[in-house]
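Novice: turn this into a structure:
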Amino acid sequence: MADILALKETFDKGDMYGLIKAMPQNLEEGIKLGRDANLMRLEQETFHSVVVAGMGGSAIAGDIARSYLYRQIQIPFVVCRYYRLPAFVNRKSLVICCSYSGNTEETLSAYDDAIVTGAHIIAITSGGKLAHKAESDGVPIVKIKGGLPPRAALGYSIAPLLMILERLGLCEEQSEALSQTALQLKNWAALYDPADDKNPALDLARQIYGTIPVIYSGYERLNAVATRFKGQLSENAKILAFTNVFPEQNHNELVGWHKLYDLDKKYTVVILKDSQEHKRIRARMEIVMQYLRDKSIKVILLENLSGQDLDRVFYFIQYLDFTSYYLALLNGVDPTPVNAIDYLKEKLAN
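Specialist: Next comes the predicted model:
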């Protein structure tokens, strides 16, 4: 297989490698943005529900917060990827509208919906129409750095989001956990150096290369990581990928591995296992791995490290972001452009 440094030089025109590597610095800046945000008396309010409205790389921060805080947040917390908010949204709801560009039409529509319902609103954006609307309506804004692909701005969206939830009394203190995770990510980044023969992300990319990844995880903490990996494989490596969670996978999709139309060699199952996984989920994972291997399906089990919850989540995010990057190089594509999405937006605009 071609030398990875040569492939990096040839295909990584937008320096996606540097953007992925910069995540810990982005987290640190995001902590400050969330800590310093003017929440305009929202800290005195009591909320009955939280909705994060966003799409794609902007929505994934809501997914990660939802799964990471699954056992902390005491009120309903949902992520809305649509033009309209759920019917339960009212004056006691907190709606956090996340649009990196500020011009995502679904998020702008959800913002308008939130205004109509009288919900409390916060905007997280780099600018655009969302910033203009929020400024006009007197809505608190967390202004984040612009000029990045939204998926590369995760640190700028997740850190302010967690800090806001902390400041509003909806979860435990987060700044220390975020700072520790940023430090860990800086240390771990050396593992994914393209010049390192033992690079685990490159090794995983080589194992996935030429196949369709099917990603399974537990429900707590890692289900959003699986979703993130799927999205990164599509946008960076330009391939299809699919995901599901335990235990739901065991109640339907498991049966679907019976009839594969001679495609059994075209799938790679990647199972993400948390070191603190529920004991019954661990048992289900072991059984499913053996079941699939008995059918000659390639199965790769990935286990994260011990440590605090946020470290374990971001260990996988960094590892799998780099995996999608190296798979892009192996596929002979530039990981940064998303031409199909640009095509869709152009057609919608017309």
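Novice: give me the below-cutoff pLDDT ranges for the stretch 1-150 of the chain.
Specialist: Within the stretch 1-150 of the chain, the segments meeting pLDDT under 70 span 1-2.
Novice: now for whatever helix or strand Asp113 lives in, which elements pack on it?
Specialist: Assigned by DSSP states H and E, Asp113 belongs to helix 105-117. Identification of packing neighbours for helix 105-117 by 3 or more Cβ pairs under 8 Å, 6 or more residues apart in numbering; DSSP states H and E yields strand 49-53, strand 93-99, strand 120-125, helix 128-137. From N, CA and C alone the C-beta is placed, and that goes for glycine too.
Novice: pairing partners for the first one, with directions?
Specialist: Meaning strand 49-53. Paired neighbours of strand 49-53 in the sheet (DSSP bridges): strand 77-80 (parallel), strand 93-99 (parallel).
Novice: related to what we said a few turns ago, want to try a markdown table for the helices and strands packed on helix 105-117, with mean neighbour count and distance to Leu263 as columns?
Specialist: Formatted as a markdown table, these follow (neighbours: other Cβ atoms under 10 Å; distance: least, Cβ to Cβ, whole Å):
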| stretch | mean neighbour count | distance to Leu263 |
| --- | --- | --- |
| strand 49-53 | 25 | 36 |
| strand 93-99 | 27 | 37 |
| strand 120-125 | 26 | 41 |
| helix 128-137 | 16 | 42 |
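Novice: distance to Ser324 added to those, as CSV?
Specialist: As requested, the helices and strands packed on helix 105-117 are arranged in CSV below (distance: least, Cβ to Cβ, whole Å):
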stretch, distance to Ser324
strand 49-53, 23
strand 93-99, 21
strand 120-125, 24
helix 128-137, 26
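Novice: where do the domain boundaries of this structure fall?
Specialist: Per automatic domain parsing, the structural domains of the chain span 4-8+189-330, 15-181.
Novice: mind checking which of those is nearest Glu346?
Specialist: Closest to Glu346 of the domains of the chain is domain 15-181 (Cβ to Cβ; 13.3 Å).
Novice: can you give me the neighbour number for Ala177?
Specialist: 17 (other Cβ atoms under 10 Å).
Novice: need the winner for burial among the domains of the chain.
Specialist: domain 15-181 (a mean of 20; mean count of other Cβ atoms under 10 Å).
Novice: quick one: end-to-end length of that one, please.
Specialist: Taking Cα to Cα, to the nearest Å, the first and last residues of domain 15-181 lie 23 Å apart.
Novice: who are the packing partners of the lengthiest helix in the chain?
Specialist: Taking DSSP state H as the criterion, the chain has its longest helix at helix 309-330. Counting contacts by 3+ Cβ pairs under 8 Å, 6+ apart, helix 309-330 is packed against helix 4-11, helix 16-21, helix 23-36, helix 56-68, helix 175-188, helix 200-208, helix 223-235.
Novice: I'd like the ones you listed written out as a markdown table, with distance to Ala349 added.
Specialist: Formatted as a markdown table, the helices and strands packed on helix 309-330 follow (distance: least, Cβ to Cβ, whole Å):
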| stretch | distance to Ala349 |
| --- | --- |
| helix 4-11 | 29 |
| helix 16-21 | 26 |
| helix 23-36 | 30 |
| helix 56-68 | 17 |
| helix 175-188 | 37 |
| helix 200-208 | 35 |
| helix 223-235 | 20 |
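Novice: before we move on, back to that, and the domains of the chain: which comes nearest Leu348?
Specialist: Each of the domains of the chain has some distance to Leu348 by Cβ to Cβ; the shortest is domain 15-181, at 7.7 Å.
Novice: could the strands paired with strand 49-53 be laid out in a markdown table, adding distance to Arg167?
Specialist: A markdown table is the format used below for the strands paired with strand 49-53 (distance: least, Cβ to Cβ, whole Å):
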| stretch | distance to Arg167 |
| --- | --- |
| strand 77-80 | 16 |
| strand 93-99 | 12 |
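Novice: right, I'll leave it there.
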